[in-house]
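Participant: any chance you can model this:
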Amino acid sequence: MGKDSKPKESSKGKGKQAAAGGEDNASKGKGKGGKSGDSLGTCTYVKARHILCEKQGKINEAYKKLQDGWLNNGDKVPPAEFAKVAAEYSECPSGKKGGDLGWFPRGKMAGPFQEVAFNTPVGATSAPFKSTHGYHIILCEGRKN
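Facilitator: Have a look, this model is predicted:
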């Protein structure tokens, strides 16, 4: 009986070790993947365009225009096209420049705007969101450290 119980324990132990080893490897792989995913939020500068509207209804109209033209097809909005929509809808002075905010460092923009700007992948357009200044849509054009 002692011999029977030892192989069972050792096979269970091996199974646990193998599983634990597999989990360690998987978590290491996830960690590496997580690091590249985290790079979205850890860059120092971001280049972005935005649309700012005081009213939610107006920002939703602008977003619908982006959806109908590109987003619903799974396409990215070209910066020149985003600029046209920004010029038409944005109530921010940057709207005259197609919503171009240029490069800005982490810490320059307030709260939710910074969070969305630094976490939107390059080339992607954010969904509308609210900040203390109104409602925004952001197009991320680049990142650097």
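
Participant: strands of this structure, start to end?
Facilitator: 45-53, 100-105, 129-131, 134-144 (DSSP state E).

Participant: most packed of the ones you listed?
Facilitator: strand 45-53 (a mean of 24; mean count of other C-beta atoms under 10 Å). (Glycine included, C-beta is placed from N, CA and C.)

Participant: that older thread, so for Asn73, which of the strands of the chain sits nearest?
Facilitator: strand 134-144 (16.3 Å; C-beta to C-beta).

Participant: that closest one: how far from the chain's middle?
Facilitator: Relative to the centre of its chain, strand 134-144 is centred 10 Å away, using C-alpha atoms, centre = their mean, to the nearest Å.

Participant: mind checking which of the strands of the chain is nearest Glu91?
Facilitator: Closest among these, once you apply C-beta to C-beta, is strand 45-53, at 5.6 Å.

Participant: can you give me the mean pLDDT across the closest one?
Facilitator: The average pLDDT for strand 45-53 rounds to 98.

Participant: given it, what are its sheet partners and their directions?
Facilitator: In its sheet, strand 45-53 lies beside strand 100-105 (antiparallel), strand 134-144 (antiparallel), with partners assigned from DSSP bridges.

Participant: CA atoms of the longest one as CSV?
Facilitator: By that I understand strand 134-144. Taking C-alpha atoms only, strand 134-144 is exported to CSV below (Å, rounded to 0.1, in the frame of the first residue of the first chain):
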residue,chain,number,x,y,z
GLY,A,134,-17.3,68.7,-22.4
TYR,A,135,-17.5,65.7,-24.6
HIS,A,136,-14.5,64.5,-26.7
ILE,A,137,-13.4,62.0,-29.4
ILE,A,138,-9.7,61.5,-29.7
LEU,A,139,-7.6,60.2,-32.7
CYS,A,140,-4.2,59.0,-31.5
GLU,A,141,-1.6,59.8,-34.2
GLY,A,142,1.6,58.8,-32.4
ARG,A,143,3.6,58.0,-29.2
LYS,A,144,7.1,58.6,-28.1
